[in-house]
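Peer 1: Quick one, fold the following:
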Amino acid sequence: MEALIGLAGSLLIAGAAYLKRSLSLSGFAAAILLGTAMYALGSAVWFGTLIAFFLSSTLLSRWKKKAKEAVESGYEKSGRRDAGQVAANGGLALLLCAANAWWPHPMWWYAFLGVMAAVNADTWATEIGGLSKAPPRSILSGRRVAAGTSGGVSGLGLAASMAGGLFIGLVAWLLLLAVPGQDEPSGIASTWLQLPVWLGIGLFGGTVGSLADSLLGATVQQMFRCGVCGREIEAAHHCGQPAVRIRGFAGWNNDAVNVAGSLAGGLAAVAVAGGL
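Peer 2: Here you go, the predicted structure:
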């Protein structure tokens, strides 16, 4: 029954996203598999937290899209999410959900919360921070860099990442409160004590994960330079021509960096939770 509920919910949400061109065909298929498995192995609070990330990131990607087109033209991936992006943003979360189903322990939940907070924080930082009127600064040198540069951070982007982490903690708590009959995943008996704990973990895990993503983007992510316009970009092609790789390591594309950033957020969440 849980698998059927997850399948129905995933078909509805992923189908709407596909029709709105927010998901490619491969992304649509991956989202259905991910959502169905998440509900079957977890519960409404695990599944709903994943959906909250997906819906908020999808809506933000469409918000003021015209104003962000110039910045996004240098990204490796933008617009319609493919299977790789779905897996990069939700694959680790699914593994944690599966681990909890096999060996229930509160730390799996905290790690999941940190991972989801990290991917949400990074997405919010990208989508909202890209609208900053002040140019971002390199997370390594502090020097101003062009908007859209990997490893660039701005005040608006940092605030957005913090808000994205808090959002995940709040949504997870509201789902647990709203849907009866769920197992309490964190082992905290008091519902009202859960709220500040989950908000704090979402804030910390999301911020750490987002900053780790920026740091990796400035160091190991493969970057290219367009031979036509001269921009430093993530994409291997730009202005209709192949671009030249100028730094980073092979295989460290945007999806790999997202996975590593989400792992950092999950580890940060576990570290905080272990001290409670």
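
Peer 1: what about the residue lying closest to Ser150 once chain neighbours are set aside, how many residues close to it?
Peer 2: Leaving out its chain neighbours, the residue that sits closest to Ser150 by CB to CB, 6 or more residues apart in numbering is Gly217, at 3.3 Å. C-betas here are computed from N, CA, C, even on glycine. Neighbour count for Gly217, taken as other CB atoms under 10 Å: 24.

Peer 1: tell me what the helix or strand hosting Gly217 is packed against?
Peer 2: Using DSSP states H and E, Gly217 sits in helix 191-219. Judged by 3 or more CB pairs under 8 Å, 6 or more residues apart in numbering; DSSP states H and E, helix 191-219 is in contact with helix 106-129, strand 152-153, helix 155-178, helix 254-274.

Peer 1: The shortest one - contacts with which helices or strands?
Peer 2: Spelled out, it's strand 152-153. strand 137-138, helix 191-219.

Peer 1: Make TSV out of these and add distance to Leu94 and mean pLDDT.
Peer 2: Below are the helices and strands packed on strand 152-153 laid out as TSV (distance: least, CB to CB, whole Å; pLDDT from 0 to 100):
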stretch	distance to Leu94	mean pLDDT
strand 137-138	33	92
helix 191-219	17	95
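
Peer 1: out of the ones you listed, nearest to Ala37?
Peer 2: For the helices and strands packed on strand 152-153, proximity to Ala37 was assessed by CB to CB; helix 191-219 is nearest, at 22.2 Å.

Peer 1: could you check the angle helix 254-274 makes with the helix holding Gly217?
Peer 2: 140 degrees (axes from the mean of the first three to the mean of the last three CA atoms, to 10 degrees).

Peer 1: circling back: from what I can see the residue nearest to Ser150 touches Val257, true?
Peer 2: Yes - counting by CB atoms under 8 Å, Gly217 does reach Val257; the two are 5.8 Å apart.

Peer 1: Deepest-packed of the helices and strands packed on strand 152-153, please.
Peer 2: Mean neighbour counts were compared across these using mean count of other CB atoms under 10 Å; the top stretch is helix 191-219, at a mean of 23.

Peer 1: quick one, it and helix 155-178 angle?
Peer 2: Counting by the same axes, to 10 degrees, helix 191-219 lies at 150 degrees to helix 155-178.

Peer 1: Distance from the chain centre to the next helix or strand after helix 191-219, please.
Peer 2: Remark: after helix 191-219, the chain's next helix or strand is strand 223-225, criterion DSSP H and E. Chain-centre distance of strand 223-225: 23 Å, with CA atoms, centre = their mean, to the nearest Å.

Peer 1: With stretch 160-175 instead?
Peer 2: The chain centroid and the centroid of stretch 160-175 are separated by 12 Å, computed with CA atoms, centre = their mean.

Peer 1: can you check stretch 226-239 too?
Peer 2: 25 Å.

Peer 1: got the CA coordinates for that stretch in PDB?
Peer 2: Taking Å, rounded to 0.1, in the frame of the first residue of the first chain, the C-alpha atoms of stretch 226-239 are listed here in PDB:
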ATOM      1  CA  CYS A 226      34.400  30.100 -23.700                       C
ATOM      2  CA  GLY A 227      36.700  30.900 -26.700                       C
ATOM      3  CA  VAL A 228      34.000  33.200 -28.100                       C
ATOM      4  CA  CYS A 229      32.900  35.400 -25.200                       C
ATOM      5  CA  GLY A 230      35.700  34.700 -22.800                       C
ATOM      6  CA  ARG A 231      33.500  33.700 -19.800                       C
ATOM      7  CA  GLU A 232      34.500  31.200 -17.200                       C
ATOM      8  CA  ILE A 233      31.700  28.600 -17.300                       C
ATOM      9  CA  GLU A 234      30.700  25.200 -16.000                       C
ATOM     10  CA  ALA A 235      29.400  24.000 -19.400                       C
ATOM     11  CA  ALA A 236      31.800  22.300 -21.900                       C
ATOM     12  CA  HIS A 237      30.100  24.200 -24.800                       C
ATOM     13  CA  HIS A 238      29.200  27.800 -25.000                       C
ATOM     14  CA  CYS A 239      28.300  30.300 -27.700                       C
END
